[in-house]
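Asker: Have a look; sequence and predicted model below, questions after that.
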Amino acid sequence: MTDLFQSAGLESGAPRPLADRLRPQSLDEVVGQDHLLGPAGPLGRMVAQKRLSSIVLWGPPGVGKTTIARLLADEAGLEFDAISAVFSGVADLKKAFDRARARRAAGKGTLLFVDEIHRFNRAQQDGFLPVVEEGVVTLVGATTENPSFELNAALLSRCQVMVLKRLDAEAMEKLLARAERLEGRELPLTPDAREGLIAMADGDGRYLLNLAEEVLALQPDAPLGLADLSGVLQRRAPVYDKDREEHYNLISALHKSVRGSDPDAALYWLARMLAGGEDPLYLARRIVRMANEDIGLADPTAVHAALAAKDVYDFLGSPEGELALAQAVVHLASAPKSNAVYTAWKAAQRAAKETGSLMPPKHILNAPTRLMKEEGYGKGYRYDHDVEGGVSGQNYFPEEMERPRFYAPKDVGREAAIKERLERWGKLRT
């Protein structure tokens, strides 16, 4: 099998990176993706049946997307042709399609691997449709982004999406063991440092092997401890794009952790976002939203705590101001929860749209002119402050409108007292 190293035009005797030398030569050597490649997995079944359809491989970096595509081509007896959407345009696509048509005429099929397929624009993606439908190519696209957001619906309808998992510690340990067997020696690391090396790679197998190669090149007198390892290697930056799916996944996790009254989880996701480079003021705005949407009048101080955190961050900046955001998140996660005002406001907005331009009842209208008084404006109005208890019980909705109930306070926090008052006042209205 021609590997990536040889296809790049390099001599077989030239130095090769460890990750390339350990590249799997068969699908059963791929680690961490048994849910796809195992006998019961969708790709495993395709290979067993010698039937390969167009697919999109979606997963984080360094989990084997390119390798799997190449091995699928071998298993299916197809010519492997690869392009990258980062470096290719319409002309490159046309050349790839022409090569595939020529192979087809000679009785040979083509697996066209498109790396970073989400980088192609909508028009370029549409260019794949006829060659996929006609069977000119079996398309295997690879993407780190959510295909439902980044790929045309028409293209998605012609491909199966296969989700590759971030490599777990067990899969990463298998890679390290293979590296040690290939090199004929163990990594000079203490057990804690070995775990730390895996943590540094953050689920990226390729990056893990690059780190392992650096460690093997060190040849220290004694095994490196965790502190030593941190001093000589650079931890992999967290996978986080502030304008892509990871951003929305993590803010959703933070919001739902607060709503679910789990301050520990909320702090974790807040820390993850800040470590990924998220704008702290974006987080402050979302925390204010959480205070209004999920806590509301169950704890009216929550929104003040959220706004104060924003002000503190404005004043101190990073990293000191981040503590104020953490404090607000813990306050909100620990507070009693009520979305009663949130749902009441949504219901009131719907009612306002449905009832058009109904006038308020005349008794609550001011009557600054004689004509308005003659028309009954203000007639029968009772000044609530002059009534015993301070509530007159009059109707304040349009006369043509049946009285709705939007706000239903909950029996939590300070809203419990509000509920009791409203129930007492509601009896006056009936």
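Answerer: Thanks, I have it.
Asker: what about the stretch 151-300 of the chain, any weak spots by pLDDT?
Answerer: For the stretch 151-300 of the chain, the stretches with pLDDT under 70 are 234-245.
Asker: make it 90
Answerer: Scanning the stretch 151-300 of the chain with the threshold set as pLDDT under 90 gives 152, 199-203, 217-221, 226-249, 275-279.
Asker: Now do the strands in it.
Answerer: Using DSSP state E, counting those that start in this stretch, the strands of the stretch 151-300 of the chain run over 160-163.
Asker: hey, where'd the helices end up in it?
Answerer: Secondary structure of the stretch 151-300 of the chain (DSSP state H, counting those that start in this stretch): helices at 153-156, 169-183, 191-201, 205-218, 226-232, 245-259, 263-275, 280-290.
Asker: With respect to residue 419, which of those lies nearest?
Answerer: helix 245-259 (20.5 Å; CB to CB). Using the backbone N, CA and C atoms, a C-beta is placed for each residue, glycine as well.
Asker: for stretch 99-115, the distance to its chain's centre please.
Answerer: 35 Å (CA atoms, centre = their mean, to the nearest Å).
Asker: List just the one of the helices of the stretch 151-300 of the chain that sits closest to residue 344.
Answerer: helix 280-290 (16.6 Å).
Asker: which residues are in contact with that closest one?
Answerer: Residues from elsewhere that reach helix 280-290 (CB atoms under 8 Å, 6 or more residues apart in numbering): 251, 254-255, 258-259, 270, 273-274, 303, 306-307, 309-310, 313-314, 318, 321-322, 325, 328-329, 332.
Asker: same check, this time on stretch 264-278
Answerer: Here stretch 264-278 has contacts from 238, 240, 242, 246-247, 250-251, 253-254, 257-258, 280, 283, 322, 325-326, 329-330, 332-333, using CB under 8 Å, 6+ apart.
Asker: swap the cut-off to 10 Å and go again
Answerer: Outside of stretch 264-278, the residues within contact range by CB atoms under 10 Å, 6 or more residues apart in numbering are 237-242, 246-247, 249-260, 262, 279-280, 282-283, 286-287, 290, 318-319, 322, 325-326, 328-330, 332-334.
Asker: buried residues in it?
Answerer: Buried residues in stretch 264-278, counted by 16 or more other CB atoms under 10 Å: 265, 266, 267, 269, 270, 272, 273, 274, 276, 278.
Asker: nearest to residue 79, of these?
Answerer: Distances from residue 79 to the buried residues of stretch 264-278, taken by CB to CB, are shortest for residue 276, at 39.9 Å.
Asker: What about residue 42, how many residues nearby?
Answerer: 15 (other CB atoms under 10 Å).
Asker: buried sites along stretch 393-409?
Answerer: Quick answer for stretch 393-409 (16+ other CB under 10 Å): 407, 409.
Asker: What of stretch 422-430?
Answerer: For stretch 422-430, the neighbour count (16+ other CB under 10 Å) marks no residue as buried.
Asker: For the helices of the stretch 151-300 of the chain, could you give me JSON lines that also reports distance to residue 81?
Answerer: Output for the helices of the stretch 151-300 of the chain, formatted as JSON lines (distance: least, CB to CB, whole Å):
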{"stretch": "helix 153-156", "distance to residue 81": "18"}
{"stretch": "helix 169-183", "distance to residue 81": "28"}
{"stretch": "helix 191-201", "distance to residue 81": "30"}
{"stretch": "helix 205-218", "distance to residue 81": "22"}
{"stretch": "helix 226-232", "distance to residue 81": "40"}
{"stretch": "helix 245-259", "distance to residue 81": "28"}
{"stretch": "helix 263-275", "distance to residue 81": "38"}
{"stretch": "helix 280-290", "distance to residue 81": "42"}
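Asker: of all these, which lies closest to residue 383?
Answerer: Closest approach to residue 383 among these (CB to CB): helix 280-290, 36.8 Å.
Asker: Give me the buried positions along the closest one.
Answerer: 280, 283, 284, 286, 287, 288, 290.
Asker: Distance to residue 146 added to those, as TSV?
Answerer: Below are the buried residues of helix 280-290 laid out as TSV (distance: CB to CB, whole Å):
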residue	distance to residue 146
280	25
283	22
284	26
286	20
287	25
288	27
290	24
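Asker: how about the nearest residue to residue 312, chain neighbours excluded?
Answerer: With sequence-adjacent residues excluded and distances taken as CB to CB, 6 or more residues apart in numbering, residue 312 is closest to residue 324, at 3.6 Å.
Asker: how about the one you found, what does it touch?
Answerer: Taking CB under 10 Å, 6+ apart, we find residue 324 in contact with 280, 284, 287, 305-306, 308-316.
Asker: Give me the buried subset of those residues.
Answerer: Neighbour-count burial (16+ other CB under 10 Å) applied to those gives 280, 284, 287, 305, 306, 309, 310, 312, 313.
Asker: of those, closest to residue 40?
Answerer: Using CB to CB, those come closest to residue 40 at residue 287, 43.8 Å.
Asker: and the gap between the closest one and residue 264?
Answerer: Residue 287 is 17 Å from residue 264, where distance means CB to CB, to the nearest Å.
Asker: again with residue 193
Answerer: 27 Å.
Asker: what's the answer for residue 114, then?
Answerer: From residue 114 to residue 264 the distance is 42 Å (CB to CB).
Asker: same check, this time on residue 94
Answerer: 54 Å.
Asker: again with residue 403
Answerer: In terms of CB to CB, residue 403 sits 44 Å off from residue 264.
Asker: try residue 375
Answerer: Look at residue 375 and residue 264: by CB to CB, they are 63 Å apart.
Asker: Setting aside sequence neighbours, what's the nearest residue to residue 425?
Answerer: residue 391 (4.9 Å).
Asker: filter the contacts of stretch 264-278 to the buried ones?
Answerer: Buried among these by 16+ other CB under 10 Å: 240, 246-247, 250-251, 253-255, 257-259, 280, 283, 286-287, 290, 322, 325-326, 328-330, 332-333.
Asker: Now do residue 10, the pLDDT please.
Answerer: Per-residue pLDDT puts residue 10 at 49.
Asker: Also residue 6?
Answerer: If you check residue 6, the pLDDT there is 50.
Asker: What is the neighbour count of residue 389?
Answerer: Per other CB under 10 Å, the neighbour tally for residue 389 reads 10.
Asker: Got phi/psi on it?
Answerer: phi 90, psi -10 (degrees, to the nearest 10).
Asker: For the closest residue in space to it that isn't next to it in sequence, pull up the helix or strand it's in.
Answerer: Closest residue in space to residue 389, ignoring its immediate chain neighbours: residue 428 at 7.9 Å, by CB to CB, 6+ apart. For residue 428, the host element (DSSP states H and E) is helix 415-429.
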